[in-house]
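Colleague: only geometry, no sequence info:
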């Protein structure tokens, strides 16, 4: 089953993501390396909310980020960044829900199309399996790496992800 391929990767990547989120300092949430960059708090909250995209991909056929009539927009997808504990709690809950749902999904559902829209315009349509790989896993890896740069610029030791870091086993 396809879910049996995805679940170990989900577990691995979400555990690694949590290790990085655990390092986010509460006193530097307004840090941003460039005026066009997100603040550290917003980036961490966005990263912590990414598992909710996976839940949406498994529970509905499409999502419109900005429906023309204003109704039916998805709930906020970013995790609260008011405190590290609140952010991690939201992340852990989203990962648990996603994992529970994915563990029950048949292959035929993973091959069905899922559509992302904005203002009624199709951004993309692809199989839910691809959505989970791209919008969930790849997206999380991308923002996790960004957050790693933010941490490094603030002299916060990075956890090992795929192997040792310059910080050792910090």
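Modeller: Cool, got the structure. Source: prediction; values computed, not measured.
Colleague: look up how far residue 126 lies from residue 10.
Modeller: For residue 10, the distance to residue 126 (Cβ to Cβ, to the nearest Å) stands at 18 Å. The way it works is simple: take the backbone N, C-alpha and C, and place the C-beta from them, glycine included.
Colleague: which one of these two is surrounded by more residues?
Modeller: Each of residue 10 and residue 126 had its neighbours counted (other Cβ atoms under 10 Å), and the higher figure belongs to residue 10 (22 against 15).
Colleague: check which helix or strand covers the more buried one.
Modeller: Counting by DSSP states H and E, the element that carries residue 10 is helix 2-21.
Colleague: need the pLDDT of the most centrally placed residue in the chain.
Modeller: The geometric centre of the chain, computed from its C-alpha atoms, lies nearest to residue 50 (Cα atoms, centre = their mean), at 2.2 Å. pLDDT recorded at residue 50 is 96.
Colleague: please renumber the chain so that the first residue is 222 from this point on.
Modeller: Okay, using 222 as the starting number, the last item reads as residue 271.
Colleague: next up, the contacts around it.
Modeller: By Cβ atoms under 8 Å, 6 or more residues apart in numbering, the contact list for residue 271 reads 238, 298, 357, 360, 361, 364.
Colleague: just give me the closest of those residues to residue 341.
Modeller: residue 298 (19.1 Å; Cβ to Cβ).
Colleague: how about that closest one, nearest residue that isn't a chain neighbour?
Modeller: residue 270 (4.5 Å; Cβ to Cβ, 6 or more residues apart in numbering).
Colleague: confirm for me that the one you found is in contact with residue 316.
Modeller: No - applying Cβ atoms under 8 Å, one finds residue 270 not in contact with residue 316, separated by 10.9 Å.
Colleague: give me the element the residue nearest to the centre of the chain is part of.
Modeller: Taking DSSP H and E as the criterion, residue 271 maps to helix 261-280.
Colleague: distance from the chain centre to that helix, please.
Modeller: Offset of helix 261-280 from its chain centre (Cα atoms, centre = their mean, to the nearest Å): 4 Å.
Colleague: next SSE after it?
Modeller: strand 283-285.
Colleague: what does that next one contact?
Modeller: Applying Cβ under 8 Å, 6+ apart, the contact partners of strand 283-285 are 277, 293, 294, 295, 335, 336, 337, 338, 339, 340, 341.
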